[in-house]
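S.K.: take a look and give me a structure for this.
(one chain, ligands or ions: 1)
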Amino acid sequence: MRTRTFRPWPSFILFTLTLTLVCSGLVGCTTNAATGKSQFNMMSREDEIKLGEEAKPQLIDQYGGRIDDAYMQAYVTEVGMRMVPFIEGDYGELPWEFIVLDSDVINAFALPGGKVFITRGLLVELEDEAMLAGVLGHEIGHVTAEHADKQVSNQMIFSGILIGASVAAGFSDDDLVQVGVPLLVGVGGQGFLLKFGRGDELQADSLGMRYMSRAGYDPAAQRDVMVVLKEASGGGSGSAGSGGRPPEFLSTHPYPETRIDRINKALEKDYPPSVRASLARDRPAYQQNVIGRLPDEEQ
Ligand SMILES: [Zn+2]
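M.R.: Down below sits the predicted model:
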């Protein structure tokens, strides 16, 4: 078995180098159907799906396994799948999965190829179905904007794993499994590629609001998710806090103030009250299908 020493490049260097490569005639420059922007990406849809499938069981293991409640799992899947028909391009054809992890950690994340995860710890913090759609929609946005794919491609090229002819040919299965999976999963589920920069987070918020509103959910719930999580981290008034340690979702999805501000601006501009009036929050369904099914001490 081959082993490789791998050291990630600082993201600002990658960003600069990527900019110089994007649309300079190099293979792998495509227009993303969700964002409408050109991007440099060596991964085919098959690569994305394979990478997601390979990394999925490792992340599930590291987050305490799947939740032992098929009914709640089916409900979360239903809410996620409700947004899939509204995804751009061919992303809707990915093998989407929305997996509830049996972990107290407050987190949600996604893998390339349409694998979305949310922990029981984060579900407890949410109050209605629209907020759940907000979290899942945000994660769908990371997948459709191909944020992780972009970083895996960059890291493999600039660390010399893909060079010359292999750039033109794309990844080998061996590269994907031996290099891509550890990049995404890391140790203790803390793969650094699951931590995105400010621009990627704002873009995922924006895409999430688009998907949830198209599926009939009030996008104001996206802001409420951020507010609730900020309070759970001890950053809000009257909060119970969590020992001053921010929820993992906030440390892997940073910049709550910036994001709340941007979400508010998007609500004003793109989702005025007249538009939102017909969109749902659906608190009773969420309370019944999620909160009411959790152990009493968590409710
Ligand atoms: Zn995110």
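S.K.: can you list the residues of the protein near the ion?
M.R.: 201, 204, 253 (CB under 5 Å from the ion). Every C-beta, even on glycine, is put in place using the N, C-alpha and C of the backbone.
S.K.: can you map out the strands along the chain?
M.R.: Assigned strands in the chain, in chain order: 29-31, 38-40, 97-101, 108-111, 115-119 (criterion: DSSP state E).
S.K.: on that earlier part again, in a markdown table, list the residues of the chain next to the ion along with neighbour count and pLDDT.
M.R.: Listed next are these as a markdown table, based on neighbours: other CB atoms under 10 Å; pLDDT from 0 to 100:
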| residue | neighbour count | pLDDT |
| --- | --- | --- |
| Glu201 | 23 | 91 |
| Ala204 | 24 | 95 |
| His253 | 27 | 78 |
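S.K.: from the residues you listed, which is closest to Val185?
M.R.: For the residues of the chain next to the ion, the residue nearest Val185 by CB to CB is His253; the value is 17.5 Å.
S.K.: tell me which of the residues of the chain next to the ion fall in helices.
M.R.: Of the positions in the residues of the chain next to the ion, 201, 204 sit in helices, assigned by DSSP state H.
S.K.: picking that back up, can I get the strands of the chain in CSV with mean pLDDT?
M.R.: Formatted as CSV, those follow (pLDDT from 0 to 100):
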stretch, mean pLDDT
strand 29-31, 80
strand 38-40, 77
strand 97-101, 98
strand 108-111, 92
strand 115-119, 96
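S.K.: just checking, Gln155 touches Leu183?
M.R.: Yes. Using CB atoms under 8 Å, Gln155 is in contact with Leu183, at 6.3 Å.
S.K.: and Gln39, what is it in contact with?
M.R.: 22, 29-32, 146, 150 (CB atoms under 8 Å, 6 or more residues apart in numbering).
S.K.: if we go to 6 Å?
M.R.: Asn32 (CB atoms under 6 Å, 6 or more residues apart in numbering).
S.K.: beta partners of it?
M.R.: When bridges are called by DSSP bridges, Gln39 pairs up with Thr30.
S.K.: state the distance from it to Asn32.
M.R.: 5 Å (CB to CB, to the nearest Å).
S.K.: same check on Glu53?
M.R.: According to CB to CB, Glu53 stands 22 Å off from Asn32.
S.K.: what is the neighbour count of the residue nearest to Val100 when sequence neighbours are not counted?
M.R.: The shortest distance from Val100 to any non-neighbouring residue, by CB to CB, 6 or more residues apart in numbering, is to Ile67 (4.3 Å). Ile67 has 20 neighbours, counted by other CB atoms under 10 Å.
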